[in-house]
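Asker: here's a sequence, model it:
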Amino acid sequence: MKLSKLVGDRFKERPANCLIDSHALMVRGGYIKNVANGIYSQFPPMKRISQKIENIIRDEMDKIDGQEVLFPVTLPGSLWEESGRYESVGSELLRFQDRTGSKMVLGMTHEEASVQLVREYANSYAKYPFMIYQIQTKFRDEARPRAGLIRVREFTMKDAYSFHTSQEDLEQYYQKCYDAYNRIFARCGIPEVAVVASDSGMMGGSISHEYMLLTPAGEDSIAVCPECGYSANVEAAPSIIENENKIPMEDLKEVATPGTGTIEELCEFLNIPAENTAKAVVYQKNEDDSFVVAFIRGDLDIHETKLTNALGFEIHPAVIEDDTVLTAGFIGPVGINEKVTVLFDNSLKGINYLVTGANKVDAHYTGFNVERDCPDAVYADLAKIVEGGICPECGKHTITVSRGIEVGNIFQLGTKYSKSMGFKYTDENGEEQYPIMGCYGIGVGRMAASICEVRHDDYGPIWPITIAPWQVHLCCLRSDDAACKEYADKLYETLQNKGIEVIYDDRKVRPGAMFADADLLGVPVRVVVSPRNLEENAVEISTRDKQIDKQKTPMDDAVTEVERIIKKLIDDIYKHVK
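Answerer: Reported below is the predicted structural model:
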């Protein structure tokens, strides 16, 4: 490919609306263009990167007996009604009607479509096990798309679905996918991806894992124990609290607490630690806007996903008006309106003395004890695990919390979809059974953006050679010099004939502009042809990661040296593939 013909511009200035580096570099480097909020077109470099990632995924899925299929983007709402998700999934699912008035959805995930495809075929135990996968466009009507391709509304994803006749068989195949995913990420140049336990969310199922690329730009929080190796998304990491009961039990007593609508103000007024307060966090049901109050120790915070899972329905942060059944800033469990759904976090167990709201303006209760004053209290793990918290595995105060980007996930779905959609097979005894399912996803664009986020410098991406848009960036510094252009043209042709992917900068531009564009394209190997180098019977070779910097190579050896460097870069990637 000649750079003079490459569609898309590159520019120096960082776009104002790009909050993270990968987004800025992909816009500056001519990889993507915004079409609408969370929707992007891809220029040729990004398309080439995506294709290479897809091919690595295909290769690894085929190695574990996956069979590629293709589901529709547009699906009948009736399929999602069969599974129960047409109503249970929130506004992220884009629903519409076709011209006949039939309910339709844009597929954000394809469990229903996978069951619909195989439920007539897989009617006998002899057909099992099997796995089908696709690489397809999906649409999730994300409320807050951001960070370029990392959180979007329209995206390309590989999703796979496996079908089994026993839990044991599912677990064996789940391990194969677990290992295949590690190979995929290693082959794409990010072997450091961490596997963490996760929450299954709307997908359902009992066991799930996420593959996290740790970076400060990540939108997920990961709890890690350096002592025992435990790791989990914070939404799935149990918050274990030890209460010391520093204040003895007292009778429940209402006290005046003027102007103490926050925990900080209350603690200062009463001269008590936040650990001896019960904080009220208020939400409303999406379905009917009725109130939900979660009580938690005053120094901790609610994790909304944990709360949603404990409740079993969708919620949103509450808006408390003057005429509602709750008194903002002074909410407590004693005497709370019976129409309010109440949950207690585990952090409040076993504390003798608490201060909590009295459901009156400027009033609190002291001496509150959950077990005594609310004997029917329902407890759940609702708190965010904190830095220095107790590890659920080894029990030490060693938890650290890091940021990460989810680049893949795998789930053991069980029979959630086969049961709800009436999918059965006949076993070897002639009895009907429900197939057991697993599902496995990787976002292609998100992975590319994530790799850019952790593989870049101030000048541009540093693409791993296995997914780079091209392997070699050939720069002809003086295309107006006949000898220089003649040699560069010949080298370009020879490299291409060798099967090497080359982007050839044949433009009449200043060297500084040429090198700036080369940095933005992030191609692993750079070959510079210039009159000065040719006078020395040499070309200049470097690598984007600076392992090789301005190496002078004889002209006759240039092709052989480029081949050697490419092989070394590929070998370096595959050292991490197990």
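Asker: whichever helix or strand L474 is part of - contacts with which helices or strands?
Answerer: In this structure, L474 is located in strand 472-476 according to DSSP states H and E. Where contact means 3 or more C-beta pairs under 8 Å, 6 or more residues apart in numbering; DSSP states H and E, strand 472-476 is packed against helix 482-497, strand 502-505, helix 511-521, strand 525-529. C-beta: built from backbone N, CA, C; applies to glycine.
Asker: now do the spatially most central residue of the chain against F185, distance only.
Answerer: Geometric centre of the chain, nearest residue: E406, 2.6 Å, by C-alpha atoms, centre = their mean. Noted for E406: a distance of 12 Å to F185, by C-beta to C-beta, to the nearest Å.
Asker: can you check C439 too?
Answerer: 18 Å.
Asker: re earlier: so the strand holding L474 versus helix 511-521, what angle?
Answerer: Orientation of strand 472-476 against helix 511-521 (axes from the mean of the first three to the mean of the last three C-alpha atoms, to 10 degrees) gives an angle of 170 degrees.
Asker: could you give the average pLDDT over stretch 13-20?
Answerer: Per-residue pLDDT values across stretch 13-20 average out to 91.
Asker: correction: stretch 92-106
Answerer: 96.
Asker: that stretch: end-to-end distance?
Answerer: Terminal residues of stretch 92-106 lie 10 Å apart, using C-alpha to C-alpha, to the nearest Å.
Asker: number the chain from 26, please
Answerer: Okay, using 26 as the starting number, the last item reads as stretch 117-131.
Asker: which parts of it are buried?
Answerer: For stretch 117-131, burial by neighbour count (16 or more other C-beta atoms under 10 Å) applies to 118, 128-131.
Asker: ditto for stretch 448-460
Answerer: 448-450, 459-460.
Asker: distance to A303, secondary structure and pLDDT added to the residues you listed, as JSON lines?
Answerer: Output for those, formatted as JSON lines (distance: C-beta to C-beta, whole Å; DSSP: H, G, I helix; E, B strand; the rest coil; pLDDT from 0 to 100):
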{"residue": "F448", "distance to A303": "46", "secondary structure": "coil", "pLDDT": "97"}
{"residue": "K449", "distance to A303": "49", "secondary structure": "coil", "pLDDT": "97"}
{"residue": "Y450", "distance to A303": "51", "secondary structure": "strand", "pLDDT": "98"}
{"residue": "Y459", "distance to A303": "44", "secondary structure": "coil", "pLDDT": "97"}
{"residue": "P460", "distance to A303": "46", "secondary structure": "coil", "pLDDT": "98"}
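Asker: of those, closest to Y111?
Answerer: Closest approach to Y111 among those (C-beta to C-beta): F448, at 17.3 Å.
Asker: so how far is G547 from that closest one?
Answerer: From F448 to G547 the distance is 46 Å (C-beta to C-beta).
Asker: likewise for S127?
Answerer: Counting by C-beta to C-beta, the separation of S127 from G547 is 46 Å.
Asker: now swap in D324 and tell me
Answerer: Relative to G547, and taking C-beta to C-beta, D324 is found at 45 Å.
Asker: same check on V249?
Answerer: 30 Å.
Asker: okay, the two: which has more neighbours?
Answerer: G547 (27 against 21; other C-beta atoms under 10 Å).
Asker: tell me what the closest residue to the more buried one other than its chain neighbours is bridged to.
Answerer: Spatial nearest neighbour of G547, excluding adjacent residues (C-beta to C-beta, 6 or more residues apart in numbering): P486 at 3.5 Å. On the basis of DSSP bridges, P486 takes part in beta bridges with H481.
Asker: what residues are shared contacts of E431 and F210?
Answerer: Y236 (C-beta atoms under 8 Å, 6 or more residues apart in numbering).
Asker: could you pull out the strands for the stretch 26-175 of the chain?
Answerer: 57-61, 64-67, 91-93, 99-101, 120-122, 128-131, 155-164 (DSSP state E, counting those that start in this stretch).
Asker: can you name the next helix or strand after the last one?
Answerer: Proceeding N to C from strand 155-164, the next assigned helix or strand is strand 179-189, under DSSP H and E.
Asker: tilt between that following strand and strand 155-164?
Answerer: 160 degrees.
Asker: and the next helix or strand past strand 179-189?
Answerer: Next helix or strand after strand 179-189 toward the C-terminus (DSSP H and E): helix 192-212.
Asker: contacts for the helix or strand following that following helix?
Answerer: On the C-terminal side of helix 192-212, the nearest following helix or strand under DSSP H and E is strand 219-222. Here strand 219-222 makes contact (C-beta under 8 Å, 6+ apart) with 203, 206-207, 233-239, 247, 249, 256-258, 261-262, 429.
Asker: strand 219-222: which residues count as buried?
Answerer: Applying 16+ other C-beta under 10 Å to strand 219-222 flags 220-222 as buried.
Asker: tell me the least confident of those residues?
Answerer: Minimum pLDDT across the buried residues of strand 219-222 falls on A222, with 79.
Asker: beta-bridge partners for that one, please?
Answerer: Beta-bridge pairing of A222 under DSSP bridges involves H234, A257.
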